[in-house]
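Peer 1: here's a sequence, model it:
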Amino acid sequence: MRKQVQITLSPADAADENKLKGSAANAAGVERNAITGLRIIRRSVDARHTGIKVNITAEISTGDDDLAHEIPPFRIRNVSSSPEIIIIGAGPAGLFAALRLIELGYKPVLLERGKDVSSRKRDIARISREQIIDPDSNYCFGEGGAGTFSDGKLYTRSKKRGDNIRVLELLCLHGAGGNILYEAHPHLGTDKLPGIISKIRETVRDAGGDILFGKKVTDLVISNDRIEGVKVRGGETFRSGSVILATGHSSRDMYEILFRNGAELERKAFAAGVRVEHPQELIDRIQYHGNRRGEYLPAASYNLVRQVGDRGVYSFCMCPGGFIVPSATIQEEVVVNGMSPSGRNSPFANSGIVVELRPEDYGGMPEANVLSGLAYQEGLEHLAWINGGRAQTSPAQRLDDFVNGHFSSTLPRSSYFPGIVSSPVHEWMPDFISSRLREGFRQFGLIMKGYLTNDAIVTAVESRTSSPVRIPRDSLSLCHVRIKGLYPCGEGSGYAGGIVSSAVDGMRAAEAVAMKV
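Peer 2: Numbering: from 1, shown residues only. From the prediction side, this is the model:
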């Protein structure tokens, strides 16, 4: 017999296999010794009340049933002589598009402007050590894309649950822990992701696909509104009538290439603000009702949102037990982002706190240049560079000082590797953003008692939340509305956000290509 049960346990009991099994037996109305197998289907922490609980959905067996989650294998096919499909970008969308193309019998030729993940690590270390940015190999560009050196959050609001599960299964087949299949808010951690990405590369190459590094696309080959290939730096041309565009939201030069070629583009909303950092112990105390976290609870996180002056102010990419990292892609800009290792064991908690920006906020009239959002984003990042000492040091301010308009004469210790410098962020950041952030923080302080404190700092600028540009595509074919054979997908297309939704979108693009080739 197989039966699904709902169990609510204390964090300590949820970590005890015997107590978990006993509670499952009680819920199922069977003897404990009758249970021959137990599989967790879903697990989440409920910290809304003082008595913190862990909610578990489990399946039990009292017979010979095998309850293990059977992950359908990835069957490697030899596609070395199959029709070639070009993929631009080796982030989640591009890599999962490549895997799906192999399953469908096509050869992916993946062109990545940056370096492989191992070489990329050295370039990232130089940003903190020497404050030198390689414009093609950094926290945003290179194998795995921006997600490689991130928290590796796998939570998505996408309704395509079946596709989401397949993404998680493929990650497990390439080294991710099986817990991502049942955790309510799964994550991988920046220490685990590089190894997983490397194994995906091996799978693609073992099947006969190509992943080529240092191949920055400089132009598209288009004839009669149909894609015929792409040109890369150095003059080499790759030919194909099908190109999957998966360049991510930081590839401003690709938007410029599309604009230059007359491709339809649209301005879209994005968000910008700061990244706030608290001691993780403080966030734990707030979220766990004054209790210490202990060994059975994860580093506490939060999710905050308020409307301020007809614009949303909200937390973005919250990283418990994490670090703030420099995510600029050229030398004269400062961009902050967050990441966490799998253990989320840093003494710091950080999160983007951002303000919704609409095209009318930064681009003027509807007929304004569709790239005006990119220009506004660049301007914010350059301001942060100027006010951060014209280096990768970040302009920073104590949180309460920022809210009340005071200069911070001293700053607390921070996780931001290149360093922080005291700066009146409230003054130089555009008032449209700054005033809403300050009011938003006041309201967050009412929601989370102790959150608004000078033990926390804000660092600037958090600006790469999403792309200010959308590449319009047909809703059925997923092809660009004018350029036939061009398939925009992932975060850079404006139709996805985050690792899982981008991976799903990449797989959908691969399927759309296969239907047309």
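
Peer 1: which residues touch residue 116?
Peer 2: 142, 143, 198, 201, 213 (Cβ atoms under 8 Å, 6 or more residues apart in numbering). The way it works is simple: take the backbone N, C-alpha and C, and place the C-beta from them, glycine included.

Peer 1: mind checking which of these land in helices?
Peer 2: 198, 201 (DSSP state H).

Peer 1: top of the contacts of residue 116 by number of neighbours, please.
Peer 2: Highest neighbour count within those, by other Cβ atoms under 10 Å: residue 142, with 28 neighbours.

Peer 1: gap between that residue and residue 36?
Peer 2: Residue 142 is 47 Å from residue 36, where distance means Cβ to Cβ, to the nearest Å.

Peer 1: where exactly do the helices run in the protein?
Peer 2: Using DSSP H, helices in the chain cover 11-14, 17-28, 92-103, 117-130, 161-173, 193-206, 252-260, 280-287, 359-362, 372-387, 399-404, 425-428, 431-447, 499-516.

Peer 1: pick the most buried one from these.
Peer 2: helix 92-103 (a mean of 29; mean count of other Cβ atoms under 10 Å).

Peer 1: relative to helix 193-206, how tilted is that helix?
Peer 2: 30 degrees (axes from the mean of the first three to the mean of the last three Cα atoms, to 10 degrees).

Peer 1: begin at 390 from now on, thanks
Peer 2: Renumbered: residue one is now 390, and that last one reads helix 481-492.

Peer 1: show me what helix 481-492 is packed up against.
Peer 2: strand 473-477, strand 496-501, helix 550-562, helix 582-595, strand 632-634, helix 888-905 (3 or more Cβ pairs under 8 Å, 6 or more residues apart in numbering; DSSP states H and E).

Peer 1: what helices and strands are in contact with the third one?
Peer 2: This means helix 550-562. For helix 550-562, the elements it packs on are helix 481-492, helix 888-905, judged by 3+ Cβ pairs under 8 Å, 6+ apart.

Peer 1: give me the packing partners of the last one, helices and strands only.
Peer 2: In this case it means helix 888-905. Here helix 888-905 touches helix 481-492, helix 550-562, strand 632-634, strand 875-877, going by 3+ Cβ pairs under 8 Å, 6+ apart.

Peer 1: just want the angle from the longest one to helix 888-905.
Peer 2: Direction vectors for helix 550-562 and helix 888-905, defined by the same axes, to 10 degrees, enclose an angle of 110 degrees.

Peer 1: same question for the first one.
Peer 2: Computed with the same axes, to 10 degrees, the direction of helix 481-492 lies at 40 degrees from that of helix 888-905.

Peer 1: before we move on, back to that, which of the helices and strands packed on helix 481-492 sits closest to residue 393?
Peer 2: Taking Cβ to Cβ, helix 550-562 is the member of the helices and strands packed on helix 481-492 nearest to residue 393, at 16.9 Å.

Peer 1: outside of that closest one, which residues touch it?
Peer 2: Counting by Cβ under 8 Å, 6+ apart, 460-463, 485, 488, 543, 545, 547, 565, 567, 569-570, 575, 577, 585, 589, 889, 892-893, 896-897 sit against helix 550-562.

Peer 1: kindly report the same for stretch 461-474.
Peer 2: Taking Cβ under 8 Å, 6+ apart as the rule, stretch 461-474 contacts 488, 490-492, 494-498, 558-559, 562, 592, 595-598, 629, 631-633, 899, 902, 906.

Peer 1: for residue 408, find the nearest of the helices and strands packed on helix 888-905.
Peer 2: Counting by Cβ to Cβ, and looking across all of those, nearest comes helix 550-562 at 26.7 Å.

Peer 1: same question for that closest one, mean pLDDT?
Peer 2: Helix 550-562 shows a mean pLDDT of 86 in the predicted model.

Peer 1: and that helix, C-alpha only, in CSV?
Peer 2: Provided in CSV are the C-alpha atoms of helix 550-562 (Å, rounded to 0.1, in the frame of the first residue of the first chain):
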residue,chain,number,x,y,z
ARG,A,550,5.2,22.8,-13.1
GLY,A,551,6.0,19.8,-15.4
ASP,A,552,8.8,21.7,-17.2
ASN,A,553,10.1,23.0,-13.8
ILE,A,554,10.4,19.5,-12.5
ARG,A,555,12.4,18.4,-15.5
VAL,A,556,14.8,21.3,-15.0
LEU,A,557,15.3,20.1,-11.4
GLU,A,558,15.7,16.5,-12.5
LEU,A,559,18.4,17.5,-15.0
LEU,A,560,20.3,19.4,-12.4
CYS,A,561,20.2,16.3,-10.1
LEU,A,562,21.5,14.2,-13.0
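
Peer 1: ok, residue 723 - contacts?
Peer 2: Residue 723 neighbours (Cβ under 8 Å, 6+ apart): 715, 717, 770, 773, 774, 777, 781, 782, 783, 784, 849, 850.

Peer 1: centre-most residue in this structure?
Peer 2: By Cα atoms, centre = their mean, the chain has its centre lying nearest to residue 887, at 3.8 Å.

Peer 1: if I look at that residue, how far off is residue 893?
Peer 2: Distance of residue 887 to residue 893, computed by Cβ to Cβ: 10 Å.

Peer 1: surely residue 866 touches residue 900?
Peer 2: No: between residue 866 and residue 900 there is no contact under Cβ atoms under 8 Å: 10.8 Å.

Peer 1: ok so, going back, hey, least reliable of the helices and strands packed on helix 481-492 by pLDDT?
Peer 2: If you rank the helices and strands packed on helix 481-492 by mean pLDDT, helix 550-562 sits at the bottom with a mean of 86.

Peer 1: count of neighbours near residue 451?
Peer 2: Residue 451: 17 surrounding residues under other Cβ under 10 Å.

Peer 1: do you know the pLDDT at it?
Peer 2: So, for residue 451, pLDDT stands at 85.

Peer 1: also the one 10 residues further on?
Peer 2: Residue 461 carries a pLDDT value of 90.

Peer 1: please render the helices and strands packed on helix 550-562 as a markdown table that adds distance to residue 670 to the earlier fields.
Peer 2: Output for the helices and strands packed on helix 550-562, formatted as a markdown table (distance: least, Cβ to Cβ, whole Å):
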| stretch | distance to residue 670 |
| --- | --- |
| helix 481-492 | 33 |
| helix 888-905 | 28 |
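
Peer 1: domain ranges for the protein?
Peer 2: The chain breaks down by automatic domain parsing into domains covering 391-450, 473-654+861-905, 656-851.

Peer 1: the ones you listed into JSON lines, with extra columns for distance to residue 467?
Peer 2: Output for those, formatted as JSON lines (distance: least, Cβ to Cβ, whole Å):
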{"stretch": "domain 391-450", "distance to residue 467": "35"}
{"stretch": "domain 473-654+861-905", "distance to residue 467": "5"}
{"stretch": "domain 656-851", "distance to residue 467": "34"}
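
Peer 1: quick one: closest of those to residue 456.
Peer 2: Using Cβ to Cβ, the domains of the chain put domain 391-450 closest to residue 456, at 4.0 Å.

Peer 1: related to what we said a few turns ago, farthest pair within the contacts of residue 723?
Peer 2: The span of these, defined through Cβ to Cβ, is set by 770 and 782 at 13.9 Å.
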